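Participant: dropping the sequence and predicted coords here.
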Amino acid sequence: MAASGNLDRIYIGGDWVTPDSSDRIEVISPVTEEPIASVPAGSRADVDAAVAAARRAFDEGPWPHLELSERMACLARLKDIFERRAEEIAQTITAEMGSPITASRTQQVPIPIMMMEAQLDLAPQLAWRELRQSKTGNGLVLRKPKGVVVAIVPWNAPLMVTLAKIGPALLAGCTVILKPAPESPLSAYLLAEMIDEAGFPPGSFNMLCADRAESEYLALHPGVNKVSFTGSTIAGQTLARGCGDLLRPITLELGGKSAAVLLEDADVGAAIEALRVGSFRNSGQICSLKTRIVVSKRQEAEALERLEALVASMPVGDPLDETTQIGPMVSQRQRDRVAGYIDTGLKDGARLICGGPGRPEGLNRGWFVRPTILAGVEPGATVAQEEIFGPVLSVITYDTEDEAIAIANNSQYGLNGSVFTADTARGVAIAERIKSGVVEVNGAGCGFHCPIGGVKASGIGREHGREGFDPYVEIRTIGLPKEYADSLA
């Protein structure tokens, strides 16, 4: 297994150190249901050591005082190493959480590389030092690193989410403690190895795994300045309450229940094909996926026929098989959760178009579910309101365009969405009325130079783009005498 030489240790202060605790976290294959590795479960003493190393590196070390170009050089070396070890990373992510290997190779690995490229492009564009002069005064506005950052990331896209956080944080001059999900720690170990090879100064990056109690202890540790969390809304609310008591800034990227709205002039075939990636990538285990399909009553029959054909064209099975498009759920708990939601939808009156709560045929081992399309779903139904995090779509019909928009907005979440139409300008106008952090017109992604994030229960703050640096900087102002300010102009 990748990174096996370090799986008895944790990465603190630029070294692989023996943990204080002998407790272990087992990594279970979602395909075989058997253990494939284990890693240390960090104790409070280990958390204290990680915070102390990050604190020392920020308060006394060179990292926050380096020129931006020097920090960029470290990240550029990491990107190069990432590219060189791409297949190893892809195999590791597939082994630990079941992402189909083709998706690991085309998404889980290339996307973090593209993120780093965007971050390296954007960092020099930020106004790190800006002179502002007016008749009311003269000031030097500075963007300074916030300090020690805790990054808590989920299992579903482990390195994508990690690089979205630590890239801007490190470039800003912060020091980082990464806490990966217990289901997918092996890719974090690979990342720590690569950061070590890239020559980041000791303590600028630290990594340890931990259970829930120790993770919360880390996020609320007095030596921490900033928390960035991606995960469930419930866990995010818990951390936000704790950070609120401490007046500690926290960025939250939480759940989603995004809607794909097909306007009546949409090319239904093209729209449904876009949902192959837009609704089903990573076996439905992505928070921004479009899981509510909102179609006019006139389009419903065609949409259902095409959705059923789409599911039939997506093989379910071993994620190491290059033909597989739908792999297992990450854990037995997640498989049971998804199957339970399908049961709930049917009990609430939804029509089963394909799939169902049972196992896919021929897959008697592993945490597999059947990709499922539910029709006749009411906008307020449980399956239309709660995040399922699996390959399950709810089809909801509308009579008027205003009703379609109301259905899209009828959610506690507001993370992502899509509008499909033959008239792009009209699609943009509709997208502006949807209460969501991101809305894609005809499946067009916004790229990593644009900010993403949620509204409502989908989170607080933004990642990517120039705005993705904002959570990791303090904005400070120095008032200047006019004569001195004039000399700087």
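Facilitator: Okay, I see it.
Participant: next one: phi and psi at the nearest residue to residue 10 once chain neighbours are set aside?
Facilitator: Residue nearest to residue 10 in three dimensions, not counting chain neighbours: residue 208, with 4.2 Å by C-beta to C-beta, 6 or more residues apart in numbering. C-beta coordinates here come from the backbone N, C-alpha and C atoms, glycine included. Dihedral pair for residue 208: phi -150, psi 150, per degrees, to the nearest 10.
Participant: burial of residue 208, as a residue count?
Facilitator: The burial count assigned to residue 208 is 29, neighbours taken as other C-beta atoms under 10 Å.
Participant: dump the residue contacts of it.
Facilitator: 10, 11, 12, 19, 40, 42, 46, 47, 50, 177, 179 (C-beta atoms under 8 Å, 6 or more residues apart in numbering).
Participant: what about residue 336, which helix or strand?
Facilitator: Secondary structure from DSSP states H and E places residue 336 in helix 332-347.
Participant: tell me the spacing between the residue nearest to residue 10 and residue 357.
Facilitator: 37 Å (C-beta to C-beta, to the nearest Å).
Participant: ok, residue 278 next?
Facilitator: 24 Å.
Participant: those two: which has the busier surroundings?
Facilitator: Shown here are residue 278 and residue 357; by other C-beta under 10 Å, residue 278 has more neighbours (24 against 19).
Participant: could you pull up phi and psi at the closest residue to the more buried one other than its chain neighbours?
Facilitator: Distance criterion C-beta to C-beta, 6+ apart; nearest residue to residue 278, sequence neighbours excluded, is residue 290 at 5.0 Å. With angles defined as degrees, to the nearest 10, residue 290 sits at phi -90, psi 100.
Participant: so residue 448, which of the three states?
Facilitator: Classification of residue 448 by DSSP: H, G, I helix; E, B strand; the rest coil places it in coil.
Participant: element containing the residue nearest to it when sequence neighbours are not counted?
Facilitator: Closest residue to residue 448 apart from its sequence neighbours, by C-beta to C-beta, 6+ apart: residue 118 at 3.7 Å. Following DSSP H and E, one finds residue 118 within helix 110-122.
Participant: which residues in that helix does the neighbour count mark as buried?
Facilitator: The neighbour-count check on helix 110-122 (16 or more other C-beta atoms under 10 Å) flags 110, 111, 112, 113, 115, 116, 118, 119, 120, 122 as buried.
Participant: who does it touch, helix- and strand-wise?
Facilitator: Where contact means 3 or more C-beta pairs under 8 Å, 6 or more residues apart in numbering; DSSP states H and E, helix 110-122 is packed against helix 68-84, helix 158-172.
Participant: and the angle from the last one to helix 110-122?
Facilitator: Compare the direction of helix 158-172 with that of helix 110-122 by axes from the mean of the first three to the mean of the last three C-alpha atoms, to 10 degrees and you get 20 degrees.
Participant: can you name the residues in contact with the helix or strand just after helix 158-172?
Facilitator: Note on helix 158-172: by DSSP H and E, the next helix or strand toward the C-terminus is strand 175-179. With C-beta under 8 Å, 6+ apart as the test, strand 175-179 has contacts from 50-51, 54-55, 57-58, 61, 63-64, 147-153, 162, 165-166, 169-170, 188, 191-192, 203-210, 215, 218, 224.
Participant: where does the stretch 101-250 of the chain dip in pLDDT?
Facilitator: Nowhere does the stretch 101-250 of the chain drop to pLDDT under 70.
Participant: still on that earlier bit, how about CSV for the helices and strands packed on helix 110-122, with distance to residue 376 and mean neighbour count added?
Facilitator: Listed next are the helices and strands packed on helix 110-122 as CSV, based on distance: least, C-beta to C-beta, whole Å; neighbours: other C-beta atoms under 10 Å:
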stretch, distance to residue 376, mean neighbour count
helix 68-84, 46, 17
helix 158-172, 35, 26
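Participant: hey, where'd the strands end up in the stretch 351-489 of the chain?
Facilitator: Assigned strands in the stretch 351-489 of the chain, in chain order: 351-356, 370-375, 392-398, 413-414, 417-420, 440-441, 455-456, 459-460, 473-479 (criterion: DSSP state E, counting those that start in this stretch).
Participant: quick one: closest of the ones you listed to residue 238.
Facilitator: strand 459-460 (14.0 Å; C-beta to C-beta).
Participant: if you compare the strands of the stretch 351-489 of the chain, which one is most tucked away?
Facilitator: A comparison of these by mean neighbour count, using mean count of other C-beta atoms under 10 Å, puts strand 417-420 on top with a mean of 28.
Participant: that one: how far from the chain's middle?
Facilitator: When distances are taken as C-alpha atoms, centre = their mean, to the nearest Å, strand 417-420 is centred 20 Å away from the chain's centroid.
Participant: direction included, what does it pair against?
Facilitator: Here strand 417-420 is paired, per DSSP bridges, with strand 258-262 (parallel), strand 440-441 (parallel).
Participant: quick check: which element contains residue 187?
Facilitator: helix 186-198.
Participant: immediately after that helix, which helix or strand?
Facilitator: strand 205-207.
Participant: need the contact partners of that following strand.
Facilitator: 10-13, 50, 53-54, 166, 170, 175-180, 188-189, 191-192, 195.
Participant: could you list the domains of this structure?
Facilitator: When the chain is parsed with automatic domain parsing, its domains come out as 4-254+458-476, 258-441.
Participant: need those in TSV with distance to residue 488, can you?
Facilitator: Shown next, in TSV, are those (distance: least, C-beta to C-beta, whole Å):
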stretch	distance to residue 488
domain 4-254+458-476	5
domain 258-441	38
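Participant: among these, which comes closest to residue 449?
Facilitator: Nearest to residue 449 among the domains of the chain is domain 4-254+458-476; the distance by C-beta to C-beta comes to 5.5 Å.
Participant: residue 144: what secondary structure?
Facilitator: Relying on three-state DSSP, one would call residue 144 strand.
Participant: just to revisit the earlier point, so what's the residue nearest to residue 448 up against?
Facilitator: 447, 448, 449, 464, 465.
Participant: which one of those is nearest residue 253?
Facilitator: residue 464 (10.6 Å).
Participant: next one: that closest one, what pLDDT does it get?
Facilitator: The model reports residue 464 with a pLDDT of 98.
Participant: burial of it, as a residue count?
Facilitator: Neighbours of residue 464 (other C-beta under 10 Å): 23.
Participant: wait, isn't it in contact with residue 450?
Facilitator: Yes - assessed by C-beta atoms under 8 Å, residue 464 is found in contact with residue 450 at 6.4 Å.
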